[in-house]
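After the sequence you'll find the predicted model.
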Amino acid sequence: MAKKAYPLRINEEILAAMQRWSDDELRSLNAQIEYVLRDALRKSGRSKPMKIEAIIDPIDKAE
């Protein structure tokens, strides 16, 4: 999935709260903002479900 840069103007208190939350979740601030937006879109029914691909173990594939 391609990413696009977007300048964001945000209230300082909200930004500080998001930074604390991202620190707690061990994510970057950018990743945390994207996570919150994606979750809100999903809960509101405004985004398509993400396709989840199975993880294939290379050892199992060789057999």
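Done, it's in. Values in this document were obtained by computation on a predicted structure and should not be read as measured data.

okay, CA-based contacts and neighbour counts for the rest of this
Fine.

Pull the residues that contact the biggest helix by length in the chain.
The single longest helix within the chain, with elements called by DSSP state H, is helix 29-43. Helix 29-43 is contacted from outside by 18-19, 21-23, 47-49, using CA atoms under 8 Å, 6 or more residues apart in numbering.

from the residues you listed, which ones fall inside helices?
Per DSSP H, helices hold the following members of those: 18-19, 21-23.

Reformat the residues you listed into CSV and put pLDDT next to each item.
Listed next are the ones in helices among the contacts of helix 29-43 as CSV, based on pLDDT from 0 to 100:
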residue, pLDDT
18, 97
19, 97
21, 97
22, 96
23, 97
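
Could you give me the PyMOL syntax to select whichever of those are buried?
Paste this into PyMOL to select the buried members of those, with burial taken from 16 or more other CA atoms under 10 Å:
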select buried, resi 18+19+21+22
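
between the ones in helices among the contacts of helix 29-43, which is nearest residue 53?
Comparing these against residue 53 with CA to CA places residue 22 closest, at 25.9 Å.

and that closest one, what does it touch?
Contacts for residue 22 (CA under 8 Å, 6+ apart) come out as 28-29, 31-32.

would you turn the residues you listed into a markdown table with distance to residue 39?
Converted to a markdown table, the contacts of residue 22 look like this (distance: CA to CA, whole Å):
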| residue | distance to residue 39 |
| --- | --- |
| 28 | 16 |
| 29 | 15 |
| 31 | 12 |
| 32 | 10 |
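
Make JSON lines out of those and add pLDDT, distance to residue 43 and neighbour count.
Listed next are these as JSON lines, based on pLDDT from 0 to 100; distance: CA to CA, whole Å; neighbours: other CA atoms under 10 Å:
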{"residue": "28", "pLDDT": "95", "distance to residue 43": "22", "neighbour count": "14"}
{"residue": "29", "pLDDT": "96", "distance to residue 43": "21", "neighbour count": "18"}
{"residue": "31", "pLDDT": "94", "distance to residue 43": "18", "neighbour count": "12"}
{"residue": "32", "pLDDT": "95", "distance to residue 43": "16", "neighbour count": "18"}
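
So the most centrally placed residue in the chain versus residue 43, what's the distance?
Among the residues of the chain, the one closest to the centroid is residue 35, at 3.0 Å (CA atoms, centre = their mean). Note on residue 35: its distance to residue 43, by CA to CA, to the nearest Å, is 12 Å.
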